[in-house]
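> here is the input, now give the coordinates:
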Amino acid sequence: KSVLSQDMSFFDETKSGEVVSRLGSDATLLQGSLSSGIPELLSGVVRAIICIILMFYLSAKLTGMTLGGVFVIFFLSFPLGKCLKTLSRLYQNTLGEAQTRSTEALGAPRTVQSFVAEEKELNRYAEKIGDPDISTNWWPSPSASAVQTTYEIGFK
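Below is the predicted model of the structure:
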């Protein structure tokens, strides 16, 4: 609904492959979260409450120290979560661009073949996806180019 209500400038700037890729990955992520995440969350909360009650029963002082440590770790993990969110969004955008390039090429195979551009289209796609065989190691070089591949984003 949100996509269809966008201004025309959104559709001029954003390619349909990117939108379709984001819709597909978001739907898959939401489905996975709902089908397995919520039951696991409820089970974990119930177990945690029971454990805390038993811990207080055994030693209130030790339970307080333990919970204090848990809260410290919890608050220290917020920056990591923000970093992962940024990387996830960057990865999805790069994957959307790669899918746009493949959709363009596969949507007009006669045009690609008539211009003998199969290799060019393959290179355009590989530019976004990346090739682990080209890299000498799995870590991106310090002088990484402005074009980021899914491998470079994944190993930041």
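
> quick check: longest helix of this protein.
helix 78-107 (DSSP state H).

> in that helix, what counts as buried?
90-105 (16 or more other Cβ atoms under 10 Å). C-betas here are computed from N, CA, C, even on glycine.

> could you look up the next helix or strand downstream of it?
Once the chain leaves helix 78-107, the next helix or strand it forms, by DSSP states H and E, is helix 109-114.

> pull the residues that contact that following helix.
Residues outside helix 109-114 that contact it (Cβ atoms under 8 Å, 6 or more residues apart in numbering): 105, 118, 121.

> could you find the closest non-adjacent residue to the second one?
Right, the one you point to is residue 118. Counting by Cβ to Cβ, 6 or more residues apart in numbering, residue 112 is the residue found nearest to residue 118 once chain neighbours are left out, at 6.1 Å.

> same thing with residue 105?
Nearest one to residue 105, counting by Cβ to Cβ, 6+ apart, is residue 121 at 4.0 Å.

> all helices for the protein, in order.
Along the chain, counting by DSSP H, helices occupy 8-13, 16-32, 38-58, 60-76, 78-107, 109-114, 118-129, 150-154.

> for burial, what's the neighbour tally of residue 127?
Neighbourhood size, residue 127 [other Cβ atoms under 10 Å]: 16.

> wait, I meant residue 25
16.

> contact partners for it?
Taking Cβ under 8 Å, 6+ apart, one finds 92, 95 in contact with residue 25.

> what about it, distance to residue 34?
Per Cβ to Cβ, to the nearest Å, residue 25 is found 15 Å from residue 34.

> repeat that for residue 125.
On the measure of Cβ to Cβ, residue 125 and residue 34 end up 32 Å apart.

> those two: which has the busier surroundings?
residue 125 (18 against 10).

> for that one, give me the pLDDT.
pLDDT for residue 125: 76.

> I'd say it and residue 102 touch.
Yes. At 5.3 Å, residue 125 counts as touching residue 102 under the criterion of Cβ atoms under 8 Å.

> mean confidence score for the longest helix of the chain?
Helix 78-107 carries an average pLDDT of 82.

> run the chain-centre distance for it.
6 Å (Cα atoms, centre = their mean, to the nearest Å).

> tally of neighbours for the residue nearest to residue 105?
20.

> just residue 128 next, same as before
20.

> quick check: closest non-adjacent residue to it.
Among residues not flanking residue 128 along the chain, residue 98 sits closest, at 3.7 Å (Cβ to Cβ, 6+ apart).
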